[in-house]
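Q: need a structure here:
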Amino acid sequence: MAREKVRPAAVAGSWYPGRADALTREVDRYLGEVSSLPAGDIVGVIAPHAGIMYSGPVAAYAYQALRGRAFDVAVLLGPSHYVAFEGVAVADEQAFETPLGLIPIDREVANALLAASPIMHPRPSAHAREHSLEMQLPFLKRVLPETPIVPLVMGFQRRETIEGAAEALARTLAGRRVLLVATTDLSHYVDARTAGRLDGQVAEFINRFDIDGLLEEYERCPEHACGGGPALAVLRASRALGARDARVLRYANSGDVSGDYGAVVGYLAAAMGTFEPSASA
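A: Here you go, the predicted structure:
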């Protein structure tokens with residue numbers, strides 16, 4: 001595949017190990033530490049995107065829940081950290097590079113999303129440095145190694161963009177075996193007690209599958225989550241695609257790794273689908 005058609009890994013060797021053997025060991029260690037996952041069908045997950053040593057133990061809960069399942073495509077939606085723009089940027093490459101190998105992009109689905117809504121548009125600059133989606137790829141490569149992706153980055157996280165993205169996803173992906181992946185971190189650089197209170201509110205909305213309530217709270221207090229818009233769009237699209245339940249699988253903060261609880265970042269993993277009543281919370 002021509003190099004100009006591949007998006008190079010931007011943070012390999014810094015945010016996560018750049019060597020395949022070291023990265024495999026670290027990802028598999030986090031996945032192997034997961035316990036108590038829901039039973040049932042999964043349509044979407046929410047996972048964090050900080051450096052892997054901080055967010056990886058939490059993200060692993062979202063991805064271990066996918067092991068052994070089959071999907072036609074995984075559509076990833078994350079926030080833009082480096083480029084300001086309106087709408088949602090659809091990757092225009094053929095594949096994303098990882099130390100574990102290339103992950104192909106499903107161009108048919110990507111092009112269908114571009115045609116589905118004017119908020120969807122190609123913007124390579126939004127993907128060039130963006131780490132929020134890249135941090136998901138090592139986990140996806142380990143648990144769903146044959147599944148192609150469609151990488152999407154949301155710019156300004158306005159209500160109309162959130163709702164438009166959800167509608168475009170639901171309409172385009174209906175009838176497919178699709179996995180939706182939203183990536184967000186939660187509270188940033190507050191003490192752990194404050195983070196627990198703020199992040200606990202987000203978790204309560206997710207566990208109730210209260211999308212409208214979470215959207216109102218996010219509009220009132222956007223500092224709750226850097227990727228609140230992508231999470232809300234995926235929650236709404238998951239429901240439209242058949243999910244009846246949402247469940248927080250794990251919560252932690254950066255202090256649990258660094259030992260510094262004075263200024264932490266919150267991390268949450270969640271799944272949306274139809275879960276068996278006997279599954280543990």
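
Q: can you pull the pLDDT of residue 1?
A: Residue 1 is assigned 63 on the pLDDT scale.

Q: for residue 75, same thing?
A: pLDDT for residue 75: 98.

Q: now do residue 142
A: As predicted, residue 142 sits at a pLDDT of 98.

Q: What distance do you get for residue 227 to residue 107?
A: Distance of residue 227 to residue 107, computed by Cβ to Cβ, to the nearest Å: 25 Å. Placement of C-beta: from N, CA and C, glycine included.

Q: quick one: which of those two has more around it?
A: residue 227 (26 against 14; other Cβ atoms under 10 Å).

Q: who's in contact with the more buried one?
A: Each residue near residue 227 by Cβ atoms under 8 Å, 6 or more residues apart in numbering is listed here: 49, 78, 79, 132, 154, 182, 183, 184, 185.

Q: Name the nearest residue to it, ignoring sequence neighbours.
A: The shortest distance from residue 227 to any non-neighbouring residue, by Cβ to Cβ, 6 or more residues apart in numbering, is to residue 184 (2.8 Å).

Q: In contact with that neighbour: list those residues for me.
A: For residue 184, the contacting residues are 46, 48-49, 78-79, 132, 225-228, 230-231, 268, by Cβ under 8 Å, 6+ apart.

Q: go again using 7 Å as the cut-off
A: 46, 48, 79, 225, 226, 227, 228, 230, 231 (Cβ atoms under 7 Å, 6 or more residues apart in numbering).

Q: The helix or strand bottoming out on mean pLDDT in the chain: what's the following helix or strand?
A: Every helix and strand of the chain was ranked by mean pLDDT, DSSP states H and E. The lowest is strand 188-190, at a mean of 92. Next along the chain after strand 188-190, taking DSSP states H and E as the criterion, comes helix 192-207.

Q: Give the buried residues for that following helix.
A: Neighbour-count burial for helix 192-207, counted by 16 or more other Cβ atoms under 10 Å, picks out 192, 195, 196, 198, 199, 201, 202, 203, 205, 206.

Q: what lines up beside the least confident helix or strand of the chain in the sheet?
A: For strand 188-190, the pairing partners within the sheet under DSSP bridges are strand 264-275 (antiparallel).

Q: As PDB, could you dump the C-alpha coordinates of the strand it pairs with?
A: Taking Å, rounded to 0.1, in the frame of the first residue of the first chain, the C-alpha atoms of strand 264-275 are listed here in PDB:
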ATOM      1  CA  VAL A 264      -5.900  14.100  38.400                       C
ATOM      2  CA  VAL A 265      -7.500  13.200  35.100                       C
ATOM      3  CA  GLY A 266     -10.500  10.900  35.200                       C
ATOM      4  CA  TYR A 267     -11.000   7.800  33.000                       C
ATOM      5  CA  LEU A 268     -14.100   5.800  32.400                       C
ATOM      6  CA  ALA A 269     -14.900   2.700  30.300                       C
ATOM      7  CA  ALA A 270     -18.500   1.900  29.400                       C
ATOM      8  CA  ALA A 271     -20.500  -0.300  27.100                       C
ATOM      9  CA  MET A 272     -23.900   0.100  25.300                       C
ATOM     10  CA  GLY A 273     -26.000  -2.900  24.200                       C
ATOM     11  CA  THR A 274     -28.500  -5.300  25.500                       C
ATOM     12  CA  PHE A 275     -27.300  -7.000  28.600                       C
END
